[in-house]
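>>> the following comprises the amino acid sequence and a computationally predicted model.
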Amino acid sequence: MIDAATRHEFRVLAAAHPKLPLLLGAGRLARRLRRVPRIGWVTSDPLTARRILNDPDHFTLLGEGGVGHLWAQVLGDWVYEIFDGPGHHQLRARTRDLFTDESARRLTDRVVGPRLARAGAELRAGATVDVADLARVLVGRIVADLLQLPVADRDDAYREIFTTGEELAALALGTTASTHLQPATIARAKAIVARLTANVAGTWRTAPPETVLGRCRELGLPQQQAEGLATLLMVAGTETAASAMARTVALLHDTGAQHRLRAEPELLPEAVREGLRVTTPAPLIGRAVAADVTVDGRLLRAGERVLMLTYTANNAAGGFDLNRGYLPDQRQLWFGAGRHLCLGAPVARAEITGLLRTLLDAGGPIRIANRRYRRNVLIPSYASLPVAIAA
């Protein structure tokens, strides 16, 4: 019999794309590496995935099947330098201090702390809070602050930022088989980017060096590249973080683990890690084969592509369990691996931690009256997840 947590996770995935659960489920048959018609090489093994992600000599995200190939068509060929060229290493090295665990904690405390405090007060007063909507607002606040976007301090303004990032990310729907975009799709994407970065020019000139845009200016990046990086940050850091926040709350409720977490709040880091592992908001990672290489006894040739089923690889260990502990095979594969390990990982962990702490401090266990799943989206997530304190 399928438990409630597994059932709802399946529905989240199926609502995003009806074939996604089938692909991720069938991916278990791929084991270490298997060739699949129209897709390429597929793996659901965490060790094989990590080997590929840690091998920039033979695998790249700049060719067919890689996210860099997709975004270069929208933003320009400079993406190749920043994504995987010498500029990539310099950019990560010079901005790493902006994304440490401590800086992420300070960022979330300052930017979303007051909004979380308000949500906590509402819960304690007996009101219902839609955690899925709140997550989108929180992420919008973080993005606005990181990119110094001039917006009114209202939930609607932050929802609009989130929606814009989501709208742009949605253009990648249907690129599992090929990352070549149609001209009409490229035109729509460029229009969204122009709207998104309309205010970046002035901000780029005046942003302090402790911000992403200010650091880009100090690195000597042209304004166009700073605008592109702002765009990519929004795409990468909106849907994934919001998805993980709401789905982790649902997992704590559906598994009953919230009761133990309330009794042992020191398990909060484990809850965050397990939430990220089980949800794996980016369930697929693609790479292009840059040079012939043998992996697990299979010869992969230059020009082919590899699809890593990270959701399947991470969930092979089992369902959400606060006793799971550290998994050396999976490590933090939900954030990728190697030179492209998600730079914003500490921010995502801090966002989830802040939300869960707010719920723990609200005065009692939560109950979920109903829920809705987002349909036809790139990142599986909840459309609505209203929670209240159980009577």
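Cool, got the structure. Residues are numbered from 1 along each chain as shown.
>>> list the residues that contact residue 193.
When contacts are counted by Cβ atoms under 8 Å, 6 or more residues apart in numbering, residue 193 touches 74-75, 168, 227-228, 231. Quick note: C-beta positions are derived from backbone N, CA and C, even for glycine.
>>> doesn't it belong to a strand?
No. For residue 193, which was evaluated using DSSP: H, G, I helix; E, B strand; the rest coil, the result is helix, with no strand membership.
>>> roughly how far does it sit from residue 178?
Between residue 193 and residue 178 the distance is 21 Å, computed by Cβ to Cβ, to the nearest Å.
>>> now do residue 7
33 Å.
>>> more neighbours: those two, which one.
For residue 7 versus residue 178, the count of surrounding residues by other Cβ atoms under 10 Å is larger for residue 178: 15 against 12.
>>> surely the more buried one meets residue 64?
Yes. With contact defined as Cβ atoms under 8 Å, residue 178 and residue 64 form a contacting pair (6.7 Å).
>>> so what's residue 382 bridging to?
Beta-bridge pairing of residue 382, defined through DSSP bridges, involves residue 373.
>>> quick one: contacts for it?
Neighbour list for residue 382: 12, 131-132, 243, 246-247, 250, 371-374 [criterion: Cβ under 8 Å, 6+ apart].
>>> pLDDT score for residue 176?
For residue 176, the model assigns a pLDDT of 64.
>>> picking up where we left off before, the contacts of residue 382, buried ones only, as a ChimeraX selection?
Provided next is the ChimeraX selection string for whichever of the contacts of residue 382 are buried by 16 or more other Cβ atoms under 10 Å:
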select :12,131,132,243,246,247,250,371,373,374
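>>> closest one of the contacts of residue 382 to residue 215?
The nearest member of those to residue 215, counting by Cβ to Cβ, is residue 243 at 27.1 Å.
>>> and the closest one, what element?
Under DSSP states H and E, the secondary-structure element containing residue 243 is helix 239-255.
>>> for residue 123, same thing?
Residue 123 belongs to helix 113-124 when assigned by DSSP H and E.
>>> show me where this structure has its strands.
34-36, 40-43, 59-60, 129-130, 285-289, 293-295, 298-300, 305-308, 366-368, 372-373, 382-384, 386-389 (DSSP state E).
>>> list the helices and strands the last one packs on?
Identification of packing neighbours for strand 386-389 by 3 or more Cβ pairs under 8 Å, 6 or more residues apart in numbering; DSSP states H and E yields helix 113-124, strand 129-130, strand 366-368.
>>> of those, which is nearest residue 286?
Nearest to residue 286, of all those, is strand 129-130, at 32.8 Å by Cβ to Cβ.
>>> list the buried residues of stretch 264-273.
By neighbour count, and taking 16+ other Cβ under 10 Å as the criterion, the buried residues in stretch 264-273 are 267-268, 270-273.
>>> what sits against the residue nearest the centre of the chain?
Compute the mean C-alpha point of the chain, and by Cα atoms, centre = their mean the closest residue is residue 240, 2.7 Å away. Shown in contact with residue 240 (Cβ under 8 Å, 6+ apart): 281-282, 348, 379.
>>> now do 10 Å
Applying Cβ atoms under 10 Å, 6 or more residues apart in numbering, one finds that residue 240 lies in contact with 139, 169, 276, 279-282, 334-335, 342, 344, 348, 378-379, 381.
>>> also residue 385?
Counting by Cβ under 10 Å, 6+ apart, the residues that residue 385 touches are 8, 129-135, 245-247, 249-250, 253, 368-373.
>>> perfect, I'm done here.
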